[in-house]
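*Asks:* How does the following fold in three dimensions:
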Amino acid sequence: MYMFRVVSLLLALLSLSYFVGTLFFIVSKYTTHSEEDFTFYNEYGMRELGDTDNLIRVVYFSFTTLSTIGLGDFNPKSEIERIITIFILLFGVVCFSYIMN
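*Replies:* Residues are numbered from 1 along each chain as shown. Prediction:
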């Protein structure tokens, strides 16, 4: 019974990381107007990478941000990305508090 609950919570956390990461990627990509803009999309070379590599980066970023670990290897660059990250952090605290309950 407990194993089923742990697996379901893990799947929920991974899918949440996927959707939050995808949202962050979309915002970062569409707020980047030129190659000189200092954004997450430009800074980490996402223009040159394939879809799978971009997906792995943003899911990793969102998972570390949601879990409030924030390793610092990927971080927001522009002001709009920082604002979105603030809400992701707050949402992560709520989600992990619910999971730990």
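
*Asks:* name the element the most centrally placed residue in the chain belongs to?
*Replies:* Taking CA atoms, centre = their mean, the centroid of the chain lies closest to residue 62, which sits 2.0 Å from it. Secondary structure from DSSP states H and E places residue 62 in helix 51-66.

*Asks:* Which positions within that helix qualify as buried?
*Replies:* Neighbour-count burial for helix 51-66 flags 54, 57, 58, 59, 61, 62, 63, 64, 65, 66 (criterion: 16 or more other CB atoms under 10 Å). (C-beta placed from N, C-alpha, C; glycine too.)

*Asks:* on contacts alone, who are the packing partners of the very next helix or strand once past that helix?
*Replies:* As assigned by DSSP H and E, the chain's next helix or strand after helix 51-66 is helix 79-100. In terms of contacts (3 or more CB pairs under 8 Å, 6 or more residues apart in numbering; DSSP states H and E), helix 79-100 is packed against helix 2-30, helix 51-66.

*Asks:* what's the closest of these to residue 44?
*Replies:* helix 51-66 (6.4 Å; CB to CB).

*Asks:* Next, the residues that contact the closest one from outside, please.
*Replies:* 13-14, 16-18, 20-22, 24-25, 40, 44, 46, 49, 70-71, 74, 85, 88-89, 91-92, 95-96 (CB atoms under 8 Å, 6 or more residues apart in numbering).

*Asks:* next one: stretch 83-92
*Replies:* 20, 23, 24, 27, 62, 65, 66, 67, 68, 70, 75, 76.

*Asks:* Test my guess that the fourth one contacts residue 80.
*Replies:* The one in question is residue 27. Yes. Judged on CB atoms under 8 Å, residue 27 makes contact with residue 80 at a distance of 6.7 Å.

*Asks:* Those two: who's more crowded?
*Replies:* residue 27 (19 against 13; other CB atoms under 10 Å).

*Asks:* ok, residue 88 - how many residues close by?
*Replies:* As a measure of burial, residue 88 has 20 neighbours, counting by other CB under 10 Å.

*Asks:* Any regions of this protein where pLDDT drops low?
*Replies:* Within the chain, no stretch has pLDDT under 70.
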